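1. Okay, sequence plus prediction incoming.
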Amino acid sequence: METKRYCKTLKLHDDPDLIEAYKKVHAPGAAWPEIAQGMREVGIVDMEIYIQGTQLFMIMETVADFDHGEAMKVLALKPRQSEWEAYVSKFQKTSGNATADEKWQLMERIYKMDK
């Protein structure tokens, strides 16, 4: 299956306890099932989040015909999505009422290794 890849970044508060708590809410089986279901419904087929200090890095794989802007609008309306964003905002350097699209900033690819 052909996919698209998006890379995004976000900063956490510089608080070791909050960072550990953020990791726990993203541990296998800990994230709310409605959140992953909503992502699948809009065309996100896989997602990984990495951390270095307070910096988060997300890799998002989507269906080939994914329209990022439209999908993020639809995702924001999915069950429990705004509740999840408010919940995780206490860890993030962002507004409590920001959508996932407003929080996670798209990154520009500047290099791809030749095949």
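-> The structure has been received and is ready for your questions. Numbering: from 1, shown residues only.
2. Please make it C-alpha for all contacts and neighbour counts, starting now.
-> Will do.
3. How many neighbouring residues does the closest residue to residue 30 other than its chain neighbours have?
-> Of all residues not flanking residue 30 in the chain, residue 24 sits nearest, at 7.1 Å (C-alpha to C-alpha, 6 or more residues apart in numbering). Neighbours of residue 24 under the rule other C-alpha atoms under 10 Å: 13.
4. SS state for residue 24?
-> Reduced to three states with DSSP: H, G, I helix; E, B strand; the rest coil, the structure at residue 24 is helix.
5. Now for residue 42, how many residues are close by?
-> 20.
6. distance of the residue lying closest to it once chain neighbours are set aside from residue 36?
-> Once flanking residues are discounted, residue 42 sits nearest to residue 71: 5.6 Å by C-alpha to C-alpha, 6+ apart. From residue 71 over to residue 36 the distance is 14 Å, taken as C-alpha to C-alpha, to the nearest Å.
7. Enumerate every residue touching residue 60.
-> 5, 6, 7, 44, 45, 46, 47, 48 (C-alpha atoms under 8 Å, 6 or more residues apart in numbering).
8. typed the wrong thing, it's residue 82
-> So residue 82 contacts 76, 97, 99 (C-alpha under 8 Å, 6+ apart).
9. Next, it: secondary structure please.
-> Strictly by three-state DSSP, residue 82 counts as helix.
10. next one: the one 5 residues further on
-> Here residue 87 is recorded as helix under three-state DSSP.
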